[in-house]
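S.K.: Next input, structure requested:
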Amino acid sequence: MLLEFIVQNGEEAKQAEEMGADRVELVSAISEGGLTPSYGTMQQVFESVSIPVQVMIRPHSFHYCYSDDDLDIVRKDIQSLIDLGGKRIVFGVLHHDGTVHETALQALIERYPQLDMTFHKAFDEIPSQQDAYQTLSKYKHNVKRILTSGGKKDCLSGKEPLHELVKMERETNGPAIMPGGGLHVGNIADVHQTVNAEQYHFGKAVRLHDSFSYPFDDEKINRIKDVIQKGKH
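M.R.: Numbers count the residues shown, from 1 in each chain. Model (predicted):
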């Protein structure tokens, strides 16, 4: 079982690793849903931890339909990441009709074949997640996982579609489904019992006062680990 936590800097990344996180997602502007962190922040985090760091690559928070200028920024940010020795990104790009912008995705993978990508919660805005899963599966050597709440407002209300997506993952050996969005100590048992995923993504719910302004809460994290271990199928 793998747990991923959101972090905003090197200090938080170190604390997450000490608390038992298996991987972190590095973001800036979490109040905007997460944007690309600065070069300096990326460097600081890479130097702070030994666990994998997935870096958010998102040029703005308005939508997931990117112009050529937006995609130029995306390429430059990815190049900065690679220059620092990284290869792990969190990214998503859609057409205006909400489907995966396969051309843009493929172009990035061809340009940076070493990428290890999480396709982020843009996935929850797609009309047919099952069709989108099949599309992303074509790139599973780079699109390693999909962060999603099953197309619903949170993982609890999306637990049934998440269960279906996990079934697709196991039947096709496609990208891993990583439930994330609204997960917390009070609902992880219910979600895990239905979904039975292999990895979960947590944000403010593993922090003191349920706020990104505060450090991680070891009691909450230990309770989550305990629930997941007990709920293993």
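
S.K.: What separation do you get for residue 19 and residue 227?
M.R.: 16 Å (CB to CB, to the nearest Å). Every C-beta, even on glycine, is put in place using the N, C-alpha and C of the backbone.

S.K.: can you pull the buried residues of the lowest-mean-pLDDT helix or strand in the chain?
M.R.: Between all helices and strands in the chain, the lowest mean by mean pLDDT, DSSP states H and E belongs to helix 218-230, at a mean of 93. For helix 218-230, the buried set under the neighbour-count rule, 16 or more other CB atoms under 10 Å, comprises 220, 221, 223, 224, 227, 228.

S.K.: Could you check how far the residue lying closest to residue 114 once chain neighbours are set aside is from residue 123?
M.R.: Spatial nearest neighbour of residue 114, excluding adjacent residues (CB to CB, 6 or more residues apart in numbering): residue 87 at 4.7 Å. To residue 123, residue 87 is 21 Å away according to CB to CB.

S.K.: Repeat that for residue 21.
M.R.: Residue 21 is 22 Å from residue 123, by CB to CB.

S.K.: follow-up on the earlier one: ok, residue 87 and residue 123, which is more surrounded?
M.R.: residue 123 (24 against 18; other CB atoms under 10 Å).

S.K.: didn't that one look like it was pressed against residue 148?
M.R.: Yes: in this structure, residue 123 is within contact of residue 148 by CB atoms under 8 Å, at 4.7 Å.

S.K.: Residues contacting the longest helix along the chain, please?
M.R.: Ranked by residue count under DSSP state H, the longest helix found in the chain is helix 68-83. Contact partners of helix 68-83, identified using CB atoms under 8 Å, 6 or more residues apart in numbering, comprise 36, 39, 42, 55, 57, 59-60, 66, 87, 89, 91, 93, 104, 107-108, 111-112, 114-115.

S.K.: run the last query once more with 10 Å
M.R.: For helix 68-83, contacts defined as CB atoms under 10 Å, 6 or more residues apart in numbering pick out 26, 35-39, 42-43, 46, 53, 55-60, 62-64, 66-67, 86-89, 91, 93, 101, 104, 107-108, 111-112, 114-115.

S.K.: Next: stretch 149-166.
M.R.: By CB under 10 Å, 6+ apart, stretch 149-166 touches 121, 123-130, 132-133, 146, 148, 174-184, 186-188, 190-198, 200-201.

S.K.: What's opposite the residue minimising distance to the centre of the chain in the beta bridge?
M.R.: Nearest residue to the geometric centre of the chain (CA atoms, centre = their mean): residue 147, 4.6 Å. Residue 147 has the following beta-bridge partners by DSSP bridges: residue 178.
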